[in-house]
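[1] can't give you the sequence, but here's the structure:
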């Protein structure tokens, strides 16, 4: 039992080393869409933060997504009192270790961890969270097409519904969920977008600086070229 619980808790990070060579669906890029990132934050808080913390990100950082501190307090802060606190689970790590044998892994850098291996962080997470299917042979009742014998249960099954493998070993929706397939894909895209943003909140700012530097260099080149022509125009 202890080994099973440990597998369940560490499945998200263990899964990062799985699925090599598998086809990955392209995750929509929602980094410039504040509404999508806000939606992803809601999904993360309601479905992921129950067990997995994001302790390298403070709730106050969510104001970067266009949320006010009041909105964060009323809608996203269920395990904290002050807006400046990290996004931790309510239970302490020592309590979780006592209950489960190991503390659940922090998900702050989960997208970045996968991307550091082969650059597929967002695509892997997007495909993984849409590829669960019912498997009565597994202890949790779930399996995954890109992570065989996954230990993590499908916590979003009520939204997606029940998928099964057909005779061609393709995923098939047997029982619809509360969301349509398109709506579920959108919610997963938002969640993955938030995980990507959370792993590197300053990425957008750095891109802006990069574009600014490139624009400056273009202008500087033009000025330098004009000066060069003016200086050498009388030189034969």
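    Nice, I can see it. As the structure is a computational prediction, the values presented were derived from the model and not from experiment.
[2] Please identify the helix or strand for the most centrally placed residue in the chain.
    Compute the mean C-alpha point of the chain, and by C-alpha atoms, centre = their mean the closest residue is residue 195, 2.5 Å away. Assigned by DSSP states H and E, residue 195 belongs to helix 181-199.
[3] so what are the domain limits for this structure?
    With domains defined by automatic domain parsing, the chain comprises 2-201, 204-236.
[4] out of those, deepest packed?
    Compared across the domains of the chain, domain 2-201 shows the largest average neighbour count, a mean of 17 (mean count of other C-beta atoms under 10 Å). Placement of C-beta: from N, CA and C, glycine included.
[5] what pLDDT, on average, does that domain get?
    If you average the pLDDT over domain 2-201, you get 85.
[6] Just the helices from the protein, written as ranges.
    Counting by DSSP state H, one finds helices in the chain at the ranges 2-14, 34-43, 69-75, 93-100, 110-118, 121-128, 157-160, 181-199, 203-232.
[7] could those helices be laid out in a markdown table, adding distance to residue 54?
    Below are the helices of the chain laid out as a markdown table (distance: least, C-beta to C-beta, whole Å):
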| stretch | distance to residue 54 |
| --- | --- |
| helix 2-14 | 12 |
| helix 34-43 | 10 |
| helix 69-75 | 14 |
| helix 93-100 | 14 |
| helix 110-118 | 9 |
| helix 121-128 | 14 |
| helix 157-160 | 21 |
| helix 181-199 | 6 |
| helix 203-232 | 16 |
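[8] mind checking which of the ones you listed is nearest residue 22?
    With C-beta to C-beta as the measure, helix 121-128 is the member of the helices of the chain nearest residue 22 (7.7 Å).
[9] Show me the contact partners of the closest one.
    Here helix 121-128 makes contact (C-beta atoms under 8 Å, 6 or more residues apart in numbering) with 15-16, 19, 22-29, 110-115, 144, 146-147, 188-189, 192-193, 195-196, 199.
[10] now swap in stretch 168-179 and tell me
    With C-beta under 8 Å, 6+ apart, stretch 168-179 has contacts from 131, 133-134, 145, 157-166, 181, 184, 187.
[11] Could you rerun that using 6 Å?
    Residues outside stretch 168-179 that contact it (C-beta atoms under 6 Å, 6 or more residues apart in numbering): 133, 158-164, 166.
[12] same check, this time on stretch 48-57
    Under C-beta under 6 Å, 6+ apart, the answer for stretch 48-57 is 86-89, 104, 106-108, 198.
[13] Same check on stretch 60-76?
    34, 37-38, 45, 59, 83-84, 201.
[14] Return the distance of it from the chain's centre.
    Relative to its chain's centre, stretch 60-76 lies at 18 Å (C-alpha atoms, centre = their mean, to the nearest Å).
[15] same question, stretch 221-236
    Centre-to-centre, stretch 221-236 and its host chain are 51 Å apart (C-alpha atoms, centre = their mean).
[16] quick check: mean pLDDT across that stretch?
    Averaging pLDDT along stretch 221-236 gives 72.
[17] Touching that stretch from outside, list them.
    Applying C-beta under 6 Å, 6+ apart, stretch 221-236 turns out to have no external contacts.
[18] ok so, going back, pull the most distant pair out of the contacts of stretch 48-57.
    By the measure C-beta to C-beta, 104 and 198 form the most distant pair in the contacts of stretch 48-57, at 16.1 Å.
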